[in-house]
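Enquirer: Below are the sequence and a predicted model for it; my questions follow.
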Protein chains: 2
Amino acid sequence: MSETDPCKICGDNKRNHDLICVVEDALDVVAMDQISDYSGVYHVLGGVISPLDGIGPENLKINELLKRLENLKNAEIILATNPSLEGEATAMYIDKQLKAVKPDLKITRIGRGLPIGADIEYADEVTLQRAMEGRSEI
Amino acid sequence: MSETDPCKICGDNKRNHDLICVVEDALDVVAMDQISDYSGVYHVLGGVISPLDGIGPENLKINELLKRLENLKNAEIILATNPSLEGEATAMYIDKQLKAVKPDLKITRIGRGLPIGADIEYADEVTLQRAMEGRSEI
């Protein structure tokens, strides 16, 4: 997907290479990189686990992520797969795999809740539940 | 809005009266109460601060909320106004007012981020920013 290898983002020495945001596909990198104060790098899985489509963990770049972690200390892995059934399952699977290899690794999941401009009155139950669970002190 | 005073929810002794979810209007109570494991009560503001519509803090039930807190210990106030400009401003205003009276009060804001079923690729920048800020350890 990139003209250079490593890509521009990974080749940028000003970025924090200990902070890796794991996303489903390359277009998610474009979206996530709009966040102005994110200074980490990305790892593109190339999809999500989806048995119905015949996509298993072996089809995703999970081993490559494990390899990438070998030389890192104090890394944080942000699991930013979509908040869909497949995305959640894939995040759980990767979390388990990473913890089996590196039990002390900091693994986080992006916040799920009400999007900006949403109306509580029309929000679905699961989103409200996540927003309640994800509440934080002001 | 209720046939009884106090309403059925506030009259329910099985509920946790130390946990108060502050919402904009009565319909938000109906929506929030779909969350199966929420056992607290609600406080309806009756709107949000909106200078363009001539609605100031004095038009909302903020003093009533302060009165309600007088007899509570170890209370948690969940500010569940909508994640809109007015909703955020109202939450900030109430937070300030409450902290001025009760500095030790636990005040939380509902989680904002990606709703269930959303696609990161199509999410807006602010929602992604909030999802990143609101990430939590698995």
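Expert: Looks like it arrived, so ask away. Numbering: from 1, shown residues only, chains lettered A, B, ... in the order given.

Enquirer: Going by C-alpha atoms from here, please, whenever you check contacts or count neighbours.
Expert: OK.

Enquirer: How many residues are close by the closest residue to A:I55 other than its chain neighbours?
Expert: Once flanking residues are discounted, A:I55 sits nearest to A:I49: 5.4 Å by CA to CA, 6 or more residues apart in numbering or on different chains. By other CA atoms under 10 Å in any protein chain shown, 22 other residues sit near A:I49.

Enquirer: same deal with A:D5?
Expert: Using other CA under 10 Å, A:D5 has 9 other residues around it.

Enquirer: quick one: what helix or strand has it in it?
Expert: With secondary structure defined by DSSP states H and E, A:D5 is part of neither a helix nor a strand.

Enquirer: What are the phi and psi values at it?
Expert: For A:D5, the backbone dihedrals (degrees, to the nearest 10) come out as phi -130, psi 120.

Enquirer: Quick check: buried residues in stretch A:57-64?
Expert: Residues of stretch A:57-64 classed as buried under the neighbour-count rule (16 or more other CA atoms under 10 Å in any protein chain shown) are A:P57, A:L60, A:K61, A:I62.

Enquirer: where's the residue nearest to A:I55 relative to chain B, distance?
Expert: As defined by CA to the nearest CA, to the nearest Å, A:I49 lies at a distance of 16 Å from chain B.

Enquirer: Pull the contacting residues for that residue.
Expert: Going by CA atoms under 8 Å, 6 or more residues apart in numbering or on different chains, A:I49 touches A:I55, A:G56, A:P57, A:L60, A:E86, A:G87, A:A89, A:T90.

Enquirer: Hmm, B:L27 and A:E121 touching each other?
Expert: Yes: judged on CA atoms under 8 Å, A:E121 makes contact with B:L27 at a distance of 6.1 Å.

Enquirer: same question for the lengthiest strand in chain A, mean pLDDT?
Expert: Longest strand of chain A, by residue count under DSSP state E: strand A:16-23. The predicted model assigns strand A:16-23 a mean pLDDT of 96.

Enquirer: Pull the residues that contact the next helix or strand along the chain from that strand.
Expert: Once strand A:16-23 ends, the next helix or strand along the chain (criterion: DSSP H and E) is helix A:26-32. Contacting residues not belonging to helix A:26-32 are listed as A:M1, A:V23, A:Y42, A:V44, A:G46, B:I120, B:E121, B:Y122, B:A123, B:E125, B:L128 [CA under 8 Å, 6+ apart].

Enquirer: angle of the helix or strand that helix A:26-32 is followed by against strand A:16-23?
Expert: Following helix A:26-32 in sequence order, the next helix or strand is strand A:40-44 (DSSP H and E). Using axes from the mean of the first three to the mean of the last three CA atoms, to 10 degrees, the direction of strand A:40-44 lies 40 degrees away from that of strand A:16-23.

Enquirer: where does strand A:40-44 sit relative to the chain's centre, distance-wise?
Expert: A distance of 8 Å separates the centroid of the chain from that of strand A:40-44, by CA atoms, centre = their mean, to the nearest Å.

Enquirer: Over to stretch A:4-11?
Expert: Centre to centre, stretch against its chain (CA atoms, centre = their mean), the figure for stretch A:4-11 is 19 Å.

Enquirer: What's the end-to-end length of stretch A:38-51?
Expert: 33 Å (CA to CA, to the nearest Å).

Enquirer: how about that stretch: buried residues?
Expert: Buried residues in stretch A:38-51 (16+ other CA under 10 Å): A:Y38, A:G40, A:V41, A:Y42, A:H43, A:V44, A:L45, A:G47, A:V48, A:I49.
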